[in-house]
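K.L.:
Fold the following, please.
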Amino acid sequence: MDADTYGSDVGVRPFAARDHEAVVELWRSVFPDDPPWNDAAELIRRKLTVQPDLLLVACRERGVVGAVMAGFDGVRGWIHHLAVRPDSRHLGIGSRLLAAAEAGLRALGCPKVNLQVRATNPVIAFYETNGYRLEERASMGKRLGASPGTEARPSSGVELHRRPAPGVVEEIVCLARSLSPAWFTPNVPEDTRRDLAFHDALCLRAGGELAGVVVFTSLDGSIHITLMAVRPELHGRGLGSELLAHLFRHASSLGYDRVVALTVPPDVKPVYGSTLRFYEKRGFVVSRRLRELWEHDALELVRPLADEPRGSGA
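P.N.:
Below is the predicted model:
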């Protein structure tokens with residue numbers, strides 16, 4: 001499908017490799033509460049092995065502004081992860097993506113299409129305007145991965161590494177690299193390697209492997225977070241919260257009264273909306289916007305430690 005299918009400024013076409021970062025960013029921004037098994041990068045990887053032509057993107061001015069997945073199992077078709085960037089909504093793009101997905105299903109002989117949304121989601125009205133109707137059905141599900149309670153969990157607690165050893169440095173760099181370019185710019189892994197020559201790190205392990213890390217240093221009388229990362233498939237399991245709780249106790253035990261973090265403003269990179277919400281839920285507040293600190297602006301977040309117990313640290 002080309003731009004002429006849906007007007008002069010919008011094209012709907014199958015996903016291409018060059019769309020990966022944009023679609024991951026879009027889905028992580030629009031669906032910030034997705035469980036770890038629905039991580040955007042993992043969804044794309046799996047979809048490209050089954051009916052890849054039913055992973056569609058909408059483009060305007062050479063940029064991805066929407067995406068949707070569809071599939072046909074021989075009985076029913078399904079629509080998944082229909083999303084449009086907030087700055088491109090109310091232009092009919094969602095309806096165009098939906099129509100394109102339906103056309104692809106119809107071409108496979110699909111007689112009926114289903115979708116699921118949470119009962120409280122206002123997007124129901126959108127689907128109703130596109131011909132969908134609520135049906136009296138009971139939705140049931142069963143995870144086919146690990147049995148309940150057997151998923152990877154932190155097994156060896158949080159480790160404090162002061163000026164980490166080379167092996168630990170390499171693990172941290174590899175974790176940062178796995179989150180590029182969806183979350184980190186390409187320079188971050190090697191910048192982190194250099195930082196770790198004089199920064200400390202709190203590491204959390206799951207199944208013997210590095211699951212999450214917070215790298216930090218002391219600057220201007222505060223503890224500054226220079227990197228925080230959790231393996232994407234382990235998002236939503238509280239690992240980030242556990243790392244921060246240990247950092248707060250450790251910083252307080254050393255006499256510091258606040259922790260500072262920097263993040264990308266969501267209006268610069270929407271995927272960081274979930275990052276900002278994560279920090280705010282854990283007591284951070286935006287103190288100021290730093291103009292052109294990196295290739296773009298940054299938000300400085302501050303978390304007071306007045307109420308933290310002054311224990312023995314991590």
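
K.L.:
now this structure, which segments are flagged as low pLDDT?
P.N.:
Judged by pLDDT under 70, the chain has its weakly predicted residues at 1-8, 35-37, 143-156, 207, 294, 307-314.

K.L.:
Okay, the residue nearest to Glu25 when sequence neighbours are not counted and Trp183: tell me how far apart.
P.N.:
Once its chain neighbours are removed from consideration, Glu25 has its nearest residue in Val271; the separation is 4.3 Å (CB to CB, 6 or more residues apart in numbering). Using the backbone N, CA and C atoms, a C-beta is placed for each residue, glycine as well. Taken as CB to CB, to the nearest Å, the spacing of Val271 relative to Trp183 amounts to 7 Å.

K.L.:
Which strand or helix spans Val23?
P.N.:
Under DSSP states H and E, the secondary-structure element containing Val23 is helix 20-30.

K.L.:
And stretch 205-221, what's buried?
P.N.:
Within stretch 205-221, the residues that qualify as buried by neighbour count (16 or more other CB atoms under 10 Å) are Arg205, Ala206, Leu210, Ala211, Gly212, Val213, Val214, Val215, Phe216.

K.L.:
can you pull out the strands in the stretch 1-150 of the chain?
P.N.:
For the stretch 1-150 of the chain, strands defined by DSSP state E, counting those that start in this stretch occupy the ranges 11-14, 55-60, 63-72, 77-84, 113-114.

K.L.:
Partner strands of the second one, with direction?
P.N.:
Strand 55-60 sits in its sheet next to strand 11-14 (antiparallel), strand 63-72 (antiparallel), going by DSSP bridges.

K.L.:
which one of the ones you listed is the most hemmed in?
P.N.:
Across these, the average number of neighbours (mean count of other CB atoms under 10 Å) peaks for strand 63-72, which reaches a mean of 22.

K.L.:
quick one: that strand to strand 77-84, angle?
P.N.:
170 degrees (axes from the mean of the first three to the mean of the last three CA atoms, to 10 degrees).

K.L.:
Can you show me the CA trace of strand 63-72 as PDB?
P.N.:
What follows is the C-alpha trace of strand 63-72 in PDB, where atoms were taken according to Å, rounded to 0.1, in the frame of the first residue of the first chain:
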ATOM      1  CA  GLY A  63       8.100   9.200   9.900                       C
ATOM      2  CA  VAL A  64       6.100   6.400  11.600                       C
ATOM      3  CA  VAL A  65       3.000   7.800  13.400                       C
ATOM      4  CA  GLY A  66       1.000   4.600  13.900                       C
ATOM      5  CA  ALA A  67       1.200   0.800  14.000                       C
ATOM      6  CA  VAL A  68      -1.000  -2.300  14.300                       C
ATOM      7  CA  MET A  69      -0.600  -6.000  14.400                       C
ATOM      8  CA  ALA A  70      -3.200  -8.500  13.000                       C
ATOM      9  CA  GLY A  71      -3.300 -12.300  12.700                       C
ATOM     10  CA  PHE A  72      -5.500 -15.100  11.400                       C
END
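
K.L.:
May I have the residues that are in contact with Arg288?
P.N.:
For Arg288, the residues meeting the contact criterion (CB atoms under 8 Å, 6 or more residues apart in numbering) are Leu299, Glu300.

K.L.:
same deal with the one 5 residues further on?
P.N.:
Neighbour list for Leu293: Leu262 [criterion: CB under 8 Å, 6+ apart].

K.L.:
swap the cut-off to 10 Å and go again
P.N.:
Under the criterion of CB atoms under 10 Å, 6 or more residues apart in numbering, the neighbours of Leu293 are Leu262, Leu299, Glu300.

K.L.:
Can you tell me which of these are buried?
P.N.:
Leu299, Glu300.

K.L.:
would you list the contacts of Leu293 in CSV and tack on distance to Ala245 and secondary structure?
P.N.:
Supplementary listing: the contacts of Leu293 in CSV, determined by distance: CB to CB, whole Å; DSSP: H, G, I helix; E, B strand; the rest coil:
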residue, distance to Ala245, secondary structure
Leu262, 20, strand
Leu299, 22, strand
Glu300, 21, strand
